[in-house]
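Asker: here is my input, please return the structure:
(4 chains)
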There are 2 protein chains.
Amino acid sequence: MNNKNEVSIDAFFNPHVPGIDYGVLDSLVGYGVRRAQLALNDLFIQSLAPWNITPPRFSALIVISRNPSLKLTQLAKVLGIARSGAVMLVDALEDLGYVERLDVPEDRRAFGLALTAKGQADLVAITQAVVQQDQLAARPLGAAGSEQLLAMLQQLANPNR
Amino acid sequence: MNNKNEVSIDAFFNPHVPGIDYGVLDSLVGYGVRRAQLALNDLFIQSLAPWNITPPRFSALIVISRNPSLKLTQLAKVLGIARSGAVMLVDALEDLGYVERLDVPEDRRAFGLALTAKGQADLVAITQAVVQQDQLAARPLGAAGSEQLLAMLQQLANPNR
DNA sequence: TATTGTTATACTCTATAACTATA
DNA sequence: TATAGTTATAGAGTATAACAATA
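Answerer: Take a look at the predicted model:
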């Protein structure tokens, strides 16, 4: 405990303040997911602060790296945001020197998104930090528990598919 | 399907666009929680739109109703937000006619938060809508699965407690 | 001095709508 | 006409910092 690689948890969201009655909230799956998301988000942002990377930026970097020449409209759809939001996201990643817009010969309206050399290099370290932090957070569940949790979350997120 | 009580799912976040490689994202518990949270949030907001109630507003109403004479600073701590945010939240709930600030005799700086009669009445219907929507979303998991999921999420949110 | 609520200000992430240049 | 990207604008929701009244 109190290792220099860990962060004080007192600065973060305490999901259960002693002496407070949470009523129906404690029995809602939706509230449980929200609480977990807030807690994980804090940890995520802390561990990625050195690179100025937020959760949506990380998702964008991964998707761009795995899907060569992705178009901005596709990125917006994948991330579940409006095109205008994707523009600002890509602008930010371009400012960080991580992403570039490449001309697409077949369609002069569009361009393909790609990681820069710096983006590729840093994404390796960033991904390592994310995976490490994710495994640390999920450790209480064990490997089997984590997989089971992922499967259940997927069922929640895909109600009718 | 296509019952009038359901909402078109095409308007919402699709967590897995066909033909897209999500790379490491699919194996991260943090990303799974985030995806589920986005999907549930959409459903939540839809089902509570008639009352102009958002997730943080609902949480605040429940906490205020279950903890008489709660102070604003305590509410902020429970919700994990800054005091200034709690002020705006309470302002909004006051504008909706759901919450009022009562004088506290023992401390003239503070006041106790309370639901109005309208707040109490509407919260019954609102809670019913939330619970119904939550059970609908969690149905694929079954009752036992939901409880197990809640327990796992709690372990995620409370790393060291 | 410390705490309670408040205000001012700013930042992130999101949305809608209108625009341009291509298709 | 429709689509790709962009811009302008707005609204939640969050934060920090400074303030007045009270403890």
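
Asker: quick check on the nearest residue to A:A76 once chain neighbours are set aside: phi, psi?
Answerer: Nearest-residue entry for A:A76: A:A86, 3.9 Å, with adjacent residues in sequence omitted and distances by CB to CB, 6 or more residues apart in numbering or on different chains. Where C-beta positions appear, they are placed from N, C-alpha and C, glycine not excepted. When read as degrees, to the nearest 10, the backbone of A:A86 gives phi -70, psi -40.

Asker: and if you look at A:G112?
Answerer: Torsion angles, degrees, to the nearest 10, at A:G112: phi -90, psi 140.

Asker: contacting residues around it?
Answerer: When contacts are counted by CB atoms under 8 Å, 6 or more residues apart in numbering or on different chains, A:G112 touches A:68-71, A:101-104.

Asker: again, only this time at 10 Å
Answerer: Contact partners of A:G112, counting by CB atoms under 10 Å, 6 or more residues apart in numbering or on different chains, are A:64, A:67-72, A:100-105.

Asker: low-confidence ranges, chain A, go.
Answerer: The model of chain A has pLDDT under 70 over residues A:1-15, A:159-161.

Asker: pretty sure A:R101 sits in a helix.
Answerer: No: looking at A:R101 with DSSP: H, G, I helix; E, B strand; the rest coil, it is strand, so not inside a helix.

Asker: how close does it sit to DNA strand C?
Answerer: 14 Å (CB to the nearest atom of the strand, to the nearest Å).

Asker: just to revisit the earlier point, check the contacts of A:G112 against DNA strand D, which are close?
Answerer: A:71-72, A:101 (CB under 7 Å from any atom of the strand).

Asker: go ahead and confirm the residue nearest to A:A76 touches A:V99.
Answerer: No: with contact defined as CB atoms under 10 Å, A:A86 does not count as touching A:V99 (11.3 Å).

Asker: which residues do those two both contact?
Answerer: A:60, A:113.

Asker: grab the nearest non-local neighbour of A:S27.
Answerer: Per CB to CB, 6+ apart, closest to A:S27 is B:L150, 7.6 Å.
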